[in-house]
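>>> below is the sequence, then the predicted model.
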Amino acid sequence: MDFNALAERLLPGEYPALETFEKRYPQRDLPAKAEVTRLAPSPTGFIHLGNLFVAIANERIAHQSGGRLFLRIEDTDLKRKVDGAVEAVISALDYFDIRFDEGAQIGGDETYGPWYQRQRADIYRAYAKELIRRGRAYPCFCTEEELSAMRDVQTANKETTGYYGKYAKCRTLSEGEICAALDAGKPYVIRLRSAGDASRKFVFHDEIKGDVNVSENDQDVVILKSDGIPTYHFAHAVDDHLMRTTLVIRGEEWLASLPVHLELFSALGFRPPKYGHNCSLMKMDGASKRKLSKRKDPELSLSFYRQEGYHPFAVKVYMLTLLNSDFEEWHAKFPDKPLEEFPFRIGKMSKSGALFDLDKLNDISRTELSRLSEGEMLAFLRGWTLDYGGERERAYFADEAYLREVLALCMGTAGKKRRKDFVTAKQALEEIGYFFSDYRQRDAYRVDPQTRNAVISAFLATYSHENDAQVWFSKVKEVAASLGFAAEMRDYKANPDAYRGSVSDVAEVLRIAVTGRANSPDLWSIMHILGEERTRARLQAALA
RNA sequence: GGCCCCGUGGUCAAGAGGUUAAGACACCACCCUUUCACGGUGGUAUCAUGGGUUCGAUUCCCGUCGGGGUCACCA
């Protein structure tokens, strides 16, 4: 077989000599320990919490080591392409502070581009042509039907499925057969002629998983699809070599194809990067865990968190606590230090899949939000409102001084004790709704209507808006006492049977009447922010 | 099903051949309290299982079970 002639027939024309690529994409000039990492999404426009997870790890490792992080777009499958997807990816990641040094739409150093794989078609073909010349790749004319029939046979025989060994029938086609098929205009793909033996095993060191047992690849994988575009595997080997990637952190689902990648690197004469296969984020589905899925878990797309109004910092803190178990302690110890100062270590990443825990995220969100000043909170809420808020939320910003006052009270920024009532922007705006015209009773009264009316009327009878907090509260106590409730918590606790309840129960009635909820900041302050008129109106309305 | 990965409380997890097996979330109780919170203290709860190795195993080895991943001209 004349491989040179075959290569010429399959990929006619002049392709640059491979050395020119080595020159065009030189070894990077970086410090010794610097790592070059990347994110290589396909342009579906969908970004997942899992993507963020991996993105943060890649970003940290690159920047912490003085290396580079780049963005490459894996657009080799046109079926997946969605317009504006790249912008969406960048914007979503940017929201969480992931900044690329170079890559698609980044505008940094362009040396290692182009960053869209479709624009690199000639590069892949040049390497594919070389592989054909060396007899390491060959054309395959098998149709989809043939392949699937073959798979059925293999399954029935309980054999490994795929294109390998005796099943790789195009591997042994004669020159004449190939030419005939080509002359007939049959579509074909280019496959790797694997030199591996699946019965041979070896140990591979994974940066996250540690030593992993793998078998050699023996599959004649497709490297160039019938449209001349490379498969992921081939593009990965070529690109990550030429872009001088030193470390690939990617999802665990790639571990199975690692042998393919390793053989590709070796066939191409490239040194493979280091790999870290990171476990996927799991979700509880009924009684069992499962990987987060785009289809089934739209609520776990990155845009969900933005829409809900989670603070990006909080999400990042949560991701980091899952990524490196000692981060949480570090962050608790140095809450004011920038996250970048945390010594992130790939070796600390967990080998087992973490279950996504919304309770934990919410707790972190609460804590992080409670650390903001009311000015920062105002800005955060405004940002969210501009993007996702409705008319109601927008109206809250009409009187900024008033809003500030509300936030200061709700966050406890004035006093020494911060409150932790806010979890997300959306929820916070809902939470403060009662300071605006839309009163809604959210929580139910725990006392019967008669008692409720009695409490409210009694309070109304003595209510004087000018009273300071002290006087105001002593009046609440009087109301309590007059209706058979303990005025002092202590008394109630000492002898609960002697009372119908305590001041707490009385205050709760008033609280619900005024705010619509059983939880709120200091009631007296609320009444004073609302003003006498609205306060009386709400109490009055609650009587009805 | 084959192959690979994983297996400490409900969740995230630290940990070491001998420990009272950390911590965080959630939950419960109590304390503080001028109501709501914040906070504080305490509590319930874990080494999947069987067999080895060992004076001793949750830790090392093997099997079992369980969970996950992967077996495309998708990435």
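Thanks, I have it.
>>> check contacts around the residue in the stretch 51-200 of chain A that RNA strand B sits nearest to.
Closest contact between the stretch 51-200 of chain A and RNA strand B, by CB to the nearest atom of the strand, is at A:Glu74 (2.8 Å). C-beta coordinates here come from the backbone N, C-alpha and C atoms, glycine included. Applying CB atoms under 8 Å, 6 or more residues apart in numbering to A:Glu74 gives the contacts A:Ala40, A:Pro41, A:Ser42, A:Pro43, A:Gln117, A:Tyr232, A:Ala235.
>>> what about the first one, how many neighbours?
As a burial measure, the neighbour count of A:Ala40 was computed by other CB atoms under 10 Å and equals 23.
>>> just give the nearest non-adjacent residue to it, would you?
Closest residue to A:Ala40 in three dimensions, ignoring its sequence neighbours and counting by CB to CB, 6 or more residues apart in numbering: A:Arg72, at 4.5 Å.
>>> most distant residue from the centre of chain A?
The C-alpha centroid of chain A is most remote from A:Ser482, which lies 56.2 Å away (CA atoms, centre = their mean).
>>> how is A:Asp211 assigned, secondary-structure-wise?
Under the three-state scheme (DSSP: H, G, I helix; E, B strand; the rest coil), A:Asp211 adopts strand.
>>> that should have said A:Val248, apologies.
Going by three-state DSSP: A:Val248 is strand.
>>> how about A:Asn519?
coil.
>>> looking at the contacts of A:Glu74, which is nearest A:His311?
A:Pro41 (23.8 Å; CB to CB).
>>> relative to A:His241, how far out is A:Leu264?
Separation of A:Leu264 from A:His241 (CB to CB, to the nearest Å): 10 Å.
>>> returning to that earlier point: so what's the residue nearest to A:Ala40 up against?
So A:Arg72 contacts A:Arg38, A:Leu39, A:Ala40, A:Gly103, A:Ala104, A:Trp115, A:Tyr116, A:Gln117, A:Asp239, A:Met243 (CB under 8 Å, 6+ apart).
>>> show me the contact partners of the helix or strand harbouring the first one.
Think A:Arg38. Taking DSSP states H and E as the definition, A:Arg38 sits inside strand A:36-39. With CB under 8 Å, 6+ apart as the test, strand A:36-39 has contacts from A:28, A:30, A:51, A:54-55, A:58-59, A:61-62, A:67-72, A:93, A:98, A:100, A:103, A:240, A:243-249.
>>> export it to PDB, keeping only CA atoms.
C-alpha atoms of strand A:36-39 as PDB (Å, rounded to 0.1, in the frame of the first residue of the first chain):
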ATOM      1  CA  VAL A  36      -1.500  26.400  31.400                       C
ATOM      2  CA  THR A  37      -5.100  25.400  31.700                       C
ATOM      3  CA  ARG A  38      -8.200  25.900  29.700                       C
ATOM      4  CA  LEU A  39     -11.900  25.700  29.400                       C
END
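>>> I'd like the next helix or strand past it.
Following strand A:36-39 toward the C-terminus (DSSP H and E): helix A:49-64.
>>> what's the domain layout of chain A?
With domains defined by automatic domain parsing, chain A comprises A:3-15+A:121-278, A:31-115, A:303-437, A:449-543.
>>> could I get those as a markdown table with mean pLDDT?
Shown next, in a markdown table, are the domains of chain A (pLDDT from 0 to 100):
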| stretch | mean pLDDT |
| --- | --- |
| domain A:3-15+A:121-278 | 94 |
| domain A:31-115 | 91 |
| domain A:303-437 | 92 |
| domain A:449-543 | 89 |
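>>> among the ones you listed, which is the most enclosed?
domain A:31-115 (a mean of 19; mean count of other CB atoms under 10 Å).
>>> ends of that domain, how far apart?
End-to-end distance of domain A:31-115: 24 Å, with CA to CA, to the nearest Å as the criterion.
>>> can you check stretch A:509-521 too?
14 Å.
>>> again with stretch A:93-102
End-to-end for stretch A:93-102, by CA to CA: 14 Å.
>>> now the strands for the stretch 51-200 of chain A?
A:68-71, A:102-103, A:137-140, A:189-192 (DSSP state E, counting those that start in this stretch).
>>> other SSEs contacting the first one?
For strand A:68-71, the elements it packs on are strand A:36-39, helix A:49-64, strand A:102-103, judged by 3 or more CB pairs under 8 Å, 6 or more residues apart in numbering; DSSP states H and E.
>>> so how far is the second one off the chain centroid?
In terms of CA atoms, centre = their mean, to the nearest Å, the gap separating the centre of helix A:49-64 from the centre of its chain is 10 Å.
>>> residues of the stretch 201-350 of chain A that sit close to RNA strand B?
A:201, A:209-210, A:212-215, A:222, A:225-227, A:229, A:231-232, A:252-257, A:279-280, A:282, A:288-291, A:321-322, A:325-326, A:328-329, A:348, A:350 (CB under 7 Å from any atom of the strand).
>>> ok, the nearest residue to A:Leu369 once chain neighbours are set aside to A:Asn213 distance?
In space, A:Leu369 comes closest to A:Phe422 once its chain neighbours are excluded; the distance is 4.6 Å by CB to CB, 6+ apart. Distance of A:Phe422 to A:Asn213, computed by CB to CB: 49 Å.
>>> over to A:Thr155?
Taking CB to CB, one finds A:Thr155 at 24 Å from A:Asn213.
>>> likewise for A:Val203?
6 Å.
>>> tell me which helix or strand comes right after the one helix or strand A:Glu430 maps to.
Following DSSP H and E, the helix or strand that holds A:Glu430 is helix A:425-431. Using DSSP H and E, the next helix or strand after helix A:425-431 towards the C-terminus is helix A:449-462.
>>> test my guess that the residue farthest from the centre of chain A contacts A:Ser457.
No: the pair A:Ser482 / A:Ser457 is not scored as a contact, 11.1 Å apart, by CB atoms under 8 Å.
>>> next, A:Thr385: phi, psi?
Torsion angles at A:Thr385 (phi, psi; degrees, to the nearest 10) stand at phi -60, psi -40.
>>> excluding chain neighbours, what is closest to it?
Looking at A:Thr385 with CB to CB, 6+ apart, the closest residue is A:Glu393, at 4.6 Å.
>>> now do the same contact list for the nearest residue to A:Ala104 once chain neighbours are set aside.
If the residues on either side of it in the chain are set aside, A:Ala104 comes closest to A:Trp115, at 3.9 Å by CB to CB, 6+ apart. Residues near A:Trp115 by CB under 8 Å, 6+ apart: A:Phe70, A:Leu71, A:Arg72, A:Ile73, A:Glu102, A:Gly103, A:Ala104, A:Ile106.
>>> interface residues of the stretch 51-200 of chain A facing RNA strand B?
A:74, A:76-77, A:80, A:142-144, A:147, A:151, A:158, A:160-163, A:187-189.
>>> of those residues, which belong to helices?
A:Glu144, A:Leu147, A:Arg151 (DSSP state H).
>>> for the closest residue to the residue of the stretch 51-200 of chain A closest to RNA strand B other than its chain neighbours, what are its contacts?
Closest residue in space to A:Glu74, ignoring its immediate chain neighbours: A:Ser42 at 4.6 Å, by CB to CB, 6+ apart. Residues near A:Ser42 by CB under 8 Å, 6+ apart: A:Ile73, A:Glu74, A:Asp75, A:Thr76, A:Asp77, A:Arg80.
>>> make it 7 Å
A:Glu74, A:Asp75, A:Asp77, A:Arg80 (CB atoms under 7 Å, 6 or more residues apart in numbering).
>>> same question for A:Arg418.
Here A:Arg418 is in contact with A:Ser370, A:Met411, A:Gly412 (CB under 7 Å, 6+ apart).
>>> which of these come close to RNA strand B?
Answer for these near RNA strand B (CB under 7 Å from any atom of the strand): A:Gly412.
>>> I'd like the contacts of A:Arg418 laid out as CSV, including distance to A:Ala168 and secondary structure.
Formatted as CSV, those follow (distance: CB to CB, whole Å; DSSP: H, G, I helix; E, B strand; the rest coil):
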residue, distance to A:Ala168, secondary structure
A:Ser370, 62, helix
A:Met411, 67, helix
A:Gly412, 70, coil
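>>> quick one: which of the contacts of A:Arg418 is nearest to A:Arg442?
A:Met411 (19.7 Å).
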